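In: structural data only, the sequence is not supplied:
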């Protein structure tokens, strides 16, 4: 329990950034420093600078603090949520359990159907990791799906209600301005962000500026009160390779950079959301542009998907892009499941998406040269070369799946001690053959090099 918050109940602002600017290292910062194997002062300084955030709503008391930023390990987010066609609390709690079991660092509740308040309350109560939301979904729900009835008053009411519930970060689509509509019209796939499309519908109906942009200061005041981090949404993220890195995407990114500075002035923590669908050769440039335009605020990327034709396997196509994005500086990767573009994911889809992205994030940490990142890989190599099957299972990102595949052909316990698997069998194992060569000719092998 984050009991230290009780001693700061009278603070008008209780954000991690506020305390960092005062030179205070909070217990949350100390915990994160221990987990990340970094100095607490570095964590505090990175939060003050805006390069690292600890999304931790003051009302989510049983949350275990975690960090998102270039100084920390690369994190992954898992999306869950009901739809108008399938909604129940039990199903979402099952997904939360899967997220926690397989190592999601944050969870976004993207529910659009059913009792949204009840689902969100249950999800927050059940989760020890930060919960994020996209408030426009409930805003639309509360105005009976009539986007033209959206008002700033309704918008702020929903945002504060979710903050009171304990949501730790909001995706706010505040960087999409009315003047960008001509750029959208030139695209192959227009707007693929649900929140972005809703904002476009509202702006074109009234021919007025984005209400999230207009009310941004009021939103910041709510975030500062509850320490809700802002995940500044990329309403104009590319939804296909043809639209990647276009004028619409990059102009919005520049506005997100302006909003970042405004948030920091009010001690609100910020991360920036990114694409989308991006060819492999454009990913590094996208990472560099975000760093430049958004003042090194943590980058939180969806994929990106490196091809548009992998329906049913988009967790793989996107994990490829995510690994490259993480390598070049993304701080958190938003997973994609096999159901992307096809339907609402179930618990097994969540599992597959998480594991694909744990692979991507870990690969990124290794590529970035993060201290100690490869240690577990070296342990795995030793276990494999030593035929220690049980240790191999323990070191896997998904031990149950690894054991399941091994046991399909060699299920008996005796084969956990075997010096072979069913691929090569006892006579053609390259490890065993190599070990025999080294044992019999080890000195001769070294002599050849001389």
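Out: Structure's in. What do you need? Predicted model only: the values in this text are computed from it and were never measured.
In: local confidence estimate at the closest residue to residue 168 other than its chain neighbours?
Out: For residue 168, ignoring the flanking residues on the chain, the nearest one in space by CB to CB, 6 or more residues apart in numbering is residue 130 at 3.7 Å. Placement of C-beta: from N, CA and C, glycine included. Reported pLDDT at residue 130 in the predicted model: 98.
In: how close does residue 130 sit to residue 89?
Out: Counting by CB to CB, to the nearest Å, the gap from residue 130 to residue 89 is 20 Å.
In: these two: which is more packed in?
Out: residue 130 (28 against 18; other CB atoms under 10 Å).
In: name all residues that make contact with the more buried one.
Out: With contacts defined as CB atoms under 8 Å, 6 or more residues apart in numbering, the neighbours of residue 130 are 55, 56, 57, 60, 63, 66, 106, 107, 168, 169.
In: one more time with 7 Å
Out: Shown in contact with residue 130 (CB atoms under 7 Å, 6 or more residues apart in numbering): 55, 56, 63, 66, 106, 168, 169.
In: pipe these into JSON lines and attach neighbour count per row.
Out: Below are the contacts of residue 130 laid out as JSON lines (neighbours: other CB atoms under 10 Å):
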{"residue": "55", "neighbour count": "29"}
{"residue": "56", "neighbour count": "29"}
{"residue": "63", "neighbour count": "23"}
{"residue": "66", "neighbour count": "24"}
{"residue": "106", "neighbour count": "24"}
{"residue": "168", "neighbour count": "31"}
{"residue": "169", "neighbour count": "27"}
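In: can you tell me which of those residues is closest to residue 315?
Out: Checking the contacts of residue 130 against residue 315 by CB to CB gives residue 106 as the nearest, at 17.6 Å.
In: check the closest one and give its pLDDT.
Out: 98.
In: dihedrals phi and psi, the nearest residue to residue 143 once chain neighbours are set aside?
Out: Leaving out its chain neighbours, the residue that sits closest to residue 143 by CB to CB, 6+ apart is residue 149, at 4.1 Å. Here is the backbone geometry of residue 149 (degrees, to the nearest 10): phi -90, psi 0.
In: can you give me the buried ones in stretch 407-420?
Out: 407, 416, 420 (16 or more other CB atoms under 10 Å).
In: what pLDDT does the model give the second one?
Out: Going back to what we said before, that points to residue 416. 77.
In: what's around the residue lying closest to it once chain neighbours are set aside, how many residues?
Out: Nearest residue to residue 416, sequence neighbours excluded (CB to CB, 6+ apart): residue 389, at 4.6 Å. By the criterion of other CB under 10 Å, residue 389 has 21 neighbours.
In: let me have the contacts of residue 130 in TSV, adding distance to residue 432 as columns.
Out: Converted to TSV, these look like this (distance: CB to CB, whole Å):
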residue	distance to residue 432
55	49
56	50
63	48
66	42
106	44
168	51
169	51
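In: so how far is stretch 359-372 from its chain's centroid?
Out: 15 Å (CA atoms, centre = their mean, to the nearest Å).
In: this structure: strands as residue ranges?
Out: With strands called from DSSP state E, the chain shows them at 52-53, 68-69, 75-80, 106-109, 131-133, 169-172, 229-232, 270-274, 299-302, 332-334.
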